[in-house]
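[1] predicted model and sequence follow; I will ask about them next.
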Amino acid sequence: MSAKQASYMLKQGAINTGWKKRWFVLEGQGIAYYKDAKSSKPLGVIPLDGCFLEKDMSKEHAFRVVHPERRIFHLAPLSAESLEEWVRALDNINVKMQGKSNLMHENVMTSQHLRAGYLNKRGHIQKNWKKRCCA
């Protein structure tokens with residue numbers, strides 16, 4: 001099967017939490033990532049079965065690939081256009097965004113759904129309500 005989507009993105013490491021530029025290729029039900037576009041052996045594969053996407057507020061254009069029982073991958077395409085292409089490609093294989101809708105126009109994320117916004121929280125000791133940002 002040929003790749004549906006391929007481009008450079010930044011990936012946050014699990015142990016060394018810095019962001020590294022990697023070449024990503026969507027293949028079947030997984031995203032393989034390589035050191036660069038010329039590499040033939042992947043450094044790893046992100047399985048997409050049972051996953052969904054969330055907005056990642058820690059970096060511009062970033063999103064998370066989330067599975068309830070596995071590692072969360074933090075990825076950041078290099079442009080808004082690339083982000084839109086990735087979200088569309090992942091949506092085509094039923095990896096969906098969670099949360100708010102129509103955020104492309106709000107400059108937050110391209111997708112039908114995201115999980116980010118404000119909530120009202122009532123204090124435990126002081127019983128007043130406060131608005132809190134949730135990401």
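    Thanks, I have the structure now.
[2] what about the strands in the protein?
    5-12, 19-27, 30-34, 44-47, 52-55, 63-66, 73-77, 117-122, 129-134 (DSSP state E).
[3] redo the ones you listed as TSV? Include mean pLDDT and distance to Arg88.
    All C-beta spots, glycine's among them, are computed from the backbone N, C-alpha and C. Below are these laid out as TSV (pLDDT from 0 to 100; distance: least, Cβ to Cβ, whole Å):
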stretch	mean pLDDT	distance to Arg88
strand 5-12	93	8
strand 19-27	94	11
strand 30-34	93	14
strand 44-47	92	17
strand 52-55	88	11
strand 63-66	90	12
strand 73-77	94	12
strand 117-122	73	22
strand 129-134	76	26
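[4] which among the ones you listed is found nearest to Ala89?
    Taking Cβ to Cβ, strand 5-12 is the member of the strands of the chain nearest to Ala89, at 3.8 Å.
[5] give the contact list for Ile31.
    Contact partners of Ile31, counting by Cβ atoms under 8 Å, 6 or more residues apart in numbering, are Phe24, Val25, Val45, Ile46, Leu48, Val65.
[6] quick one, what contacts Gln5?
    Contacts of Gln5 by Cβ under 8 Å, 6+ apart are Phe24, Val25, Leu26, Glu85, Trp86, Ala89, Leu90.
[7] okay, now the fourth one: neighbour count?
    Right, the one you point to is Glu85. By other Cβ atoms under 10 Å, the residues close to Glu85 number 18.
[8] cool, the second one as well?
    Under the neighbour criterion other Cβ under 10 Å, Val25 is assigned a count of 18.
[9] who does Lys21 form a beta bridge with?
    Leu10 (DSSP bridges).
[10] contacting residues for it?
    Lys21 touches Tyr8, Met9, Leu10, counting by Cβ under 8 Å, 6+ apart.
[11] go through those residues and say which is closest to Asp56.
    Leu10 (10.6 Å).
[12] next one: the nearest residue to Gly123 once chain neighbours are set aside from Tyr8, what distance?
    Leaving aside its sequence neighbours, Gly123 sits nearest to Lys130 (Cβ to Cβ, 6 or more residues apart in numbering; 6.8 Å). From Lys130 across to Tyr8, the span is 40 Å (Cβ to Cβ, to the nearest Å).
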